[in-house]
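**Student:** prediction below, plus the sequence it came from.
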Amino acid sequence: MNVVIIDYGAGNIKSIQFAFKRLGVEAILSSNPKEIMAADKVIFPGVGEASSAMSMLKESGLDKPIPMLKQPVLGICLGMQLLCNDTEEGQTQGLGIFNTSVKRFNNNLKVPQMGWNTIENLKSKLFKDINNEAFMYLVHSYYAENCPQAIATTSYGLEYASALEHNNFYGVQFHPEKSAKAGEQLLKNFLEL
């Protein structure tokens with residue numbers, strides 16, 4: 001199976017590569033649109049600040065082909081947020097796959113939310129064999145607002161969408177590559193989509 005991790009300079013790509021290696025899959029890094037379009041599965045990672053990540057995406061010319069992908073695509077953390085309509089972080093326009101906005105957590109909360117939290121209201125084959133209220137590892141200061149495309153929610157001061165799905169696009173706010181058995185199961189489920 002040909003799994004490609006989009007390499008645009010804003011991803012925690014090594015840990016994702018290792019997670020797939022543990023599942024027996026050699027995921028390749030690529031910034032080549034043709035290679036990405038030809039992949040069986042695509043991972044769209046992201047760490048850092050939204051507006052600079054979006055600038056890097058545009059500079060690499062990948063902002064245009066990503067929304068046109070037809071195979072299963074998994075956005076992780078900032079990758080998921082960039083697939084939304086927009087984000088308050090740097091007042092950034094997203095790629096508009098998920099019809100929701102990304103907001104900053106209320107200042108009364110400890111930000112970033114960092115560590116383990118539960119995912120609930122699971123509704124997707126992405127969560128096959130994963131228990132409702134499974135713990136996943138999160139590090140983020142911004143969240144996707146709950147919406148009809150939410151396939152999992154998490155509570156941190158309010159209930160937000162911790163996973164989203166639209167057609168062949170999936171997004172998770174948590175880091176499956178750092179989320180022990182449940183995270184590994186999610187990556188395995190993604191490979192089987």
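**Tutor:** Looks like it came in fine.
**Student:** for the most centrally placed residue in the chain, give the beta-bridge partners.
**Tutor:** In the chain, the C-alpha nearest the mean C-alpha coordinate belongs to residue 76, at 2.0 Å (Cα atoms, centre = their mean). With DSSP bridges as the criterion, residue 76 is bridged to residue 172.
**Student:** and the pLDDT for it?
**Tutor:** On pLDDT, residue 76 comes in at 97.
**Student:** likewise residue 161?
**Tutor:** 98.
**Student:** tell me the SS of residue 187?
**Tutor:** helix (DSSP: H, G, I helix; E, B strand; the rest coil).
**Student:** that one: how many residues sit nearby?
**Tutor:** 26 (other Cβ atoms under 10 Å). Placement of C-beta: from N, CA and C, glycine included.
**Student:** hmm, back to that, for the residue nearest to the centre of the chain, what are its contacts?
**Tutor:** Residues near residue 76 by Cβ atoms under 8 Å, 6 or more residues apart in numbering: 16, 43-46, 171-172, 175-177.
**Student:** pick the one among those residues closest to residue 130.
**Tutor:** The closest of the contacts of residue 76 to residue 130 turns out to be residue 176 (Cβ to Cβ; 10.1 Å).
**Student:** pretty sure the closest one contacts residue 138?
**Tutor:** No: using Cβ atoms under 8 Å, residue 176 is not in contact with residue 138; the gap is 11.0 Å.
**Student:** give me the more crowded residue out of the two.
**Tutor:** Neighbour totals were compared for residue 176 and residue 138, and residue 176 leads with 26 against 23 (other Cβ under 10 Å).
**Student:** residues contacting the closest residue to that one other than its chain neighbours?
**Tutor:** In this structure, residue 176 finds its nearest non-sequential neighbour in residue 183, 3.6 Å apart by Cβ to Cβ, 6 or more residues apart in numbering. By Cβ under 8 Å, 6+ apart, the residues touching residue 183 are 19, 136-137, 174-177.
**Student:** rerun that using 7 Å as the cut-off
**Tutor:** The neighbours of residue 183, taking Cβ atoms under 7 Å, 6 or more residues apart in numbering as the test, are 136, 175-177.
**Student:** what's the burial count for residue 110?
**Tutor:** Counted by other Cβ under 10 Å, the residues lying close to residue 110 total 10.
**Student:** so what's the backbone phi/psi at it?
**Tutor:** phi -70, psi 120 (degrees, to the nearest 10).
**Student:** quick one: it from residue 156, how far?
**Tutor:** Distance, residue 110 to residue 156, by Cβ to Cβ, to the nearest Å: 9 Å.
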